[in-house]
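Asker: quick one, structure for this:
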Amino acid sequence: MNNEWITRVDPIEPAPGPLHGLTMALKDNIDLAGVPTTAGDPRTTEPAKDNSFVVDQLIAAGAVPLGKTNLDQYATGLVGTRSPYGACHSVYSSEHVSGGSSSGSAVAVATGQVDFALGTDTAGSGRVPAAFNRLVGIKPSRGLVSARGVVPACRSLDCVTVMARSVATARRVFDVMVAFDPDDAWSRRASSLPDRRPGRVAGSAAVIGVPDIGLGLDPEYEQAWQATLDDAHRLGDVVKVDVQLLLEAADLLYSGPWLAERWLAFGDKLDDSEAVDPTVRTIVRGGAALTAAGAFEGFDRLATLKRESEHLWTQLDALLLPVTPGHPTLAEVAADPIGVNSRLGRFTNMVNLLDLCAVAFPGPDRADGLPFGIQLLAPAGHDLSVIDLAALWCGEDVPAADILLAVAGAHLSGQPLNDQLVRRGARLAFTARTAPSYRMYLVDGPRPGLTRTLSDADGPGIEVEVWSVPAAELGGFAATIDPPLAIGPLELSDGRQVLGFLCTADAADPERDITASGGWRAYLAGD
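Answerer: Model (predicted):
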């Protein structure tokens with residue numbers, strides 16, 4: 001029996017949206033209203049009052065939660081065995097671990113019980129179980145996905161991740177998950193991160209880095225890795241690079257300030273109760289003895305490693321690595337729970353420390369048929385680049401570039417001109433509000449137009465829908481827009497820049513200011 005589920009819930013009616021009807025499982029350190037968030041500690045029995053921020057985003061986009069899944073207790077582990085609810089194993093072998101800490105989430109997806117699942121990734125927990133169960137696992141740039149409503153492991157490093165059976169499904173979920181959350185101190189606006197480098201992934205010009213050294217892989221993995229290197233040329237130019245600094249950074253995760261951060265997050269729960277996993281207790285209690293001087297020593301060393309390695313990213317579009325050096329059995333983990341786990345993080349631990357994004361996906365199988373997972377790494381903000389490359393590797397279509405367009409009036413869903421978007425292949429990406437500095441005016445038609453004021457204003461902003469429009473269709477659509485409206489840059493409340501419907505300043509008649517309505521639908525309802 002594979003112990004993937006902790007709690008199942010009755011499905012809800014799916015909302016309309018880009019994820020309409022897709023089912024999801026949630027790692028049990030992510031809040032789902034009405035269900036206890038145990039983080040693998042059965043002593044926690046009080047139901048969560050609210051959904052986590054990211055779960056609200058997904059449900060609003062049409063996803064349907066089916067329940068909570070097993071995990072290494074307090075998200076501390078890469079094996080999937082440190083749980084009082086029982087160990088999970090890979091769906092491809094009852095003798096081999098499922099990988100953790102997002103163990104149950106991976107199994108629920110790999111067995112087809114859900115379309116996708118959420119995990120978390122501090123040291124590799126969204127990528128290792130994906131690798132061991134032949135899945136795609138996207139680990140976003142730190143802060144792109146809010147962790148509010150997630151039990152912290154290392155708050156400064158924790159990332160909510162998605163696992164799915166295809167890159168396309170994982171990408172759809174990723175697009176919805178990414179949203180700025182002003183109530184999460186670690187949340188970052190997408191606009192604050194560097195843009196992807198245009199044109200480098202679309203053809204053969206992508207530059208893929210591979211290690212210039214042997215990686216000490218298990219024999220079955222070494223054979224699969226050599227096959228991977230042979231295949232890597234399909235993505236572009238392959239160059240050998242020195243990865244020693246990255247591997248040194250990986251060693252810091254459990255030997256410095258970040259272990260103290262785990263102790264700060266949940267050390268008070270690690271008493272001598274039988275409910276506490278003894279390996280988790282042993283590891284995290286070590287954080288209690290760390291000093292402020294030791295913490296700053298770790299911060300300083302990490303800053304040095306980051307600076308000395310950042311030249312890599314001026315040469316590469318992505319770095320290709322195995323996810324793990326091998327795939328241990330349940331018996332091997334039981335014999336050496338700390339040592340085996342530590343080895344699994346050799347190629348994953350450094351990613352959040354060095355502020356990188358990553359996507360894990362299936363490589364060529366081992367000779368015995370078990371999965372072999374590989375990953376692509378890139379600097380924060382280059383998430384879409386590595387997702388595109390993973391899609392190319394997996395033989396999936398890379399979506400043509402779409403452009404985000406915010407609509408505020410007759411092009412809204414259910415309004416008279418919405419068909420002009422739909423018949424051009426546009427799809428509703430998400431709902432949002434403008435930055436508070438925008439005002440809405442009634443112009444000829446009557447139509448609403450937005451204009452930005454010179455100074456920021458108080459208020460919630462204007463309701464908009466953001467549609468994803470195929471780039472090839474935008475010109476034809478823009479030609480249907482009559483003055484004084486035009487399409488130009490518009491800022492959303494979360495800081496993201498999109499295109500939107502704006503009106504010229506001469507059409508902004510103060511006597512026709514309808515900003516107070518909050519949006520076109522509200523104006524029509526009150527007219």
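
Asker: count the neighbours of R439 for me.
Answerer: Residues lying near R439 (other Cβ atoms under 10 Å) number 21. In short, each C-beta sits where N, CA and C put it, glycine included.

Asker: and it, that's in a helix?
Answerer: No - counting by DSSP: H, G, I helix; E, B strand; the rest coil, one finds R439 to be strand, located in no helix.

Asker: beta partners for it?
Answerer: Here R439 sits in beta bridges with T451, as judged by DSSP bridges.

Asker: OK, contacts around it?
Answerer: Residues counted as contacts of R439 (Cβ atoms under 8 Å, 6 or more residues apart in numbering) are L450, T451, R452, T453, A457, A508, D513, T515.

Asker: now, of these, which are buried?
Answerer: Neighbour counting with 16 or more other Cβ atoms under 10 Å marks L450, T451, R452, A508, T515 as buried within those.

Asker: report the lowest-confidence entry in the contacts of R439.
Answerer: The member of these with the lowest model confidence is A457, at 62 (criterion: pLDDT).

Asker: could you measure from the residue nearest the centre of the chain over to R127?
Answerer: The residue at the geometric middle of the chain, judged as the C-alpha nearest the mean C-alpha position with Cα atoms, centre = their mean, is P140 (3.7 Å). Between P140 and R127 the distance is 12 Å, computed by Cβ to Cβ, to the nearest Å.

Asker: which neighbours do these two share?
Answerer: With Cβ under 8 Å, 6+ apart applied, the overlap between the contact sets of P140 and R127 consists of T161.

Asker: for the host helix or strand of L524, output the C-alpha coordinates as PDB.
Answerer: When secondary structure is defined using DSSP states H and E, the element that contains L524 is helix 520-526. As requested, C-alpha coordinates have been extracted for helix 520-526 and formatted as PDB (Å, rounded to 0.1, in the frame of the first residue of the first chain):
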ATOM      1  CA  TRP A 520     -17.400  48.500 -15.800                       C
ATOM      2  CA  ARG A 521     -19.600  45.700 -14.500                       C
ATOM      3  CA  ALA A 522     -20.300  47.600 -11.300                       C
ATOM      4  CA  TYR A 523     -21.000  50.800 -13.300                       C
ATOM      5  CA  LEU A 524     -23.500  49.000 -15.500                       C
ATOM      6  CA  ALA A 525     -25.200  47.500 -12.500                       C
ATOM      7  CA  GLY A 526     -25.600  50.800 -10.800                       C
END
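
Asker: buried set for it?
Answerer: For helix 520-526, the neighbour count (16+ other Cβ under 10 Å) marks W520, R521, Y523 as buried.

Asker: who's in contact with that helix?
Answerer: Contacts with helix 520-526, where a contact means Cβ under 8 Å, 6+ apart, come from A408, G409, A410, L412, Q415, M440, L442, P448, E463, I514, S517.

Asker: tabulate the residues you listed in CSV, adding columns for distance to Q315 and pLDDT.
Answerer: Below are these laid out as CSV (distance: Cβ to Cβ, whole Å; pLDDT from 0 to 100):
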residue, distance to Q315, pLDDT
A408, 43, 90
G409, 47, 87
A410, 49, 88
L412, 45, 91
Q415, 49, 89
M440, 47, 88
L442, 54, 87
P448, 48, 87
E463, 44, 91
I514, 52, 85
S517, 52, 85
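
Asker: between those, which has the most around it?
Answerer: M440 (28 neighbours).

Asker: that one and A360: what is the separation?
Answerer: Using Cβ to Cβ, one obtains 44 Å as the distance from M440 to A360.

Asker: same check on L78?
Answerer: To A360, L78 is 12 Å away according to Cβ to Cβ.

Asker: and what of R172?
Answerer: If you go by Cβ to Cβ, the gap between R172 and A360 works out to 17 Å.

Asker: and the two? which has more neighbours close in?
Answerer: A360 (31 against 21).

Asker: so how far is R189 from the residue nearest to the more buried one when sequence neighbours are not counted?
Answerer: Taking Cβ to Cβ, 6 or more residues apart in numbering, and ignoring the residues beside it in sequence, A360 has R127 as its nearest neighbour in space, at 3.8 Å. Shown here: R127 relative to R189, a distance of 25 Å by Cβ to Cβ.

Asker: okay, those two: which has more neighbours?
Answerer: When R127 and R189 are compared for neighbours, R127 comes out ahead with 34 against 16, by other Cβ under 10 Å.

Asker: these two touch, right, that one and I374?
Answerer: No - with contact defined as Cβ atoms under 8 Å, R127 does not count as touching I374 (9.9 Å).

Asker: next, the contact list for I374, please.
Answerer: Counting by Cβ under 8 Å, 6+ apart, the residues that I374 touches are A131, T228, L320, L321, P322, V323, A360, F361, P362, G363.

Asker: am I right that it sits in a helix?
Answerer: No - if the criterion is three-state DSSP, then I374 is strand and not within a helix.

Asker: specify the beta-bridge partners of it.
Answerer: As assigned using DSSP bridges, the partners bridged with I374 are P322, F361.

Asker: and what of L490?
Answerer: So, taking DSSP bridges as the rule, L490 has V498 as bridge partners.

Asker: which residues touch it?
Answerer: The contact partners of L490, by Cβ under 8 Å, 6+ apart, come to A406, T434, Y438, L450, V464, Q497, V498, L499, G500, F501, L502.

Asker: among the residues you listed, the buried ones, what's the ChimeraX command?
Answerer: The ChimeraX command for the buried members of the contacts of L490 (criterion: 16+ other Cβ under 10 Å) is given here:
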select :406,434,438,450,464,498,499,500,501,502
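
Asker: tell me the one of the contacts of L490 nearest L316?
Answerer: Sorting the contacts of L490 by distance to L316 puts Q497 at the head of the list, at 26.5 Å, by Cβ to Cβ.

Asker: count the residues that sit near the residue nearest to Q223 when sequence neighbours are not counted.
Answerer: Take Q223 and drop its neighbours on the chain: the residue closest to it by Cβ to Cβ, 6+ apart is A367, 5.9 Å away. Burial of A367, expressed as a neighbour count using other Cβ under 10 Å, amounts to 12.

Asker: likewise S166?
Answerer: The burial count assigned to S166 is 16, neighbours taken as other Cβ under 10 Å.

Asker: check P11 too.
Answerer: When counting by other Cβ under 10 Å, one arrives at 12 neighbours for P11.

Asker: surely it is in contact with I59?
Answerer: No - P11 lies out of contact with I59 (Cβ under 8 Å); the separation is 11.2 Å.

Asker: can you give me the strands in the stretch 201-350 of the chain?
Answerer: 207-211, 237-241, 318-322 (DSSP state E, counting those that start in this stretch).

Asker: what of the stretch 1-150 of the chain?
Answerer: 5-8, 23-27, 64-69, 116-121, 136-139.

Asker: okay if I get these as CSV plus distance to A39?
Answerer: Conversion of those to CSV gives the following (distance: least, Cβ to Cβ, whole Å):
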stretch, distance to A39
strand 5-8, 10
strand 23-27, 9
strand 64-69, 10
strand 116-121, 10
strand 136-139, 19
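
Asker: of all these, which one is nearest R285?
Answerer: Among these, strand 116-121 comes nearest to R285, with 21.4 Å by Cβ to Cβ.

Asker: what pairs with the closest one, and is each one parallel or antiparallel?
Answerer: Taking DSSP bridges as the criterion, strand 116-121 forms sheet pairs with strand 23-27 (parallel), strand 159-164 (antiparallel).

Asker: who touches the last one?
Answerer: Here strand 159-164 makes contact (Cβ under 8 Å, 6+ apart) with 30, 54, 102, 105-106, 109, 115-122, 125-127, 129-130, 135-142, 145-147, 150, 170, 173-174, 177, 352.

Asker: quick revisit: now the strands paired with strand 116-121 as CSV including distance to V386 and mean neighbour count?
Answerer: Putting those into CSV (distance: least, Cβ to Cβ, whole Å; neighbours: other Cβ atoms under 10 Å) gives the following:
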stretch, distance to V386, mean neighbour count
strand 23-27, 22, 28
strand 159-164, 13, 28
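
Asker: D419 is nearest to which of the ones you listed?
Answerer: Comparing those by Cβ to Cβ, strand 23-27 comes nearest, at 30.0 Å.
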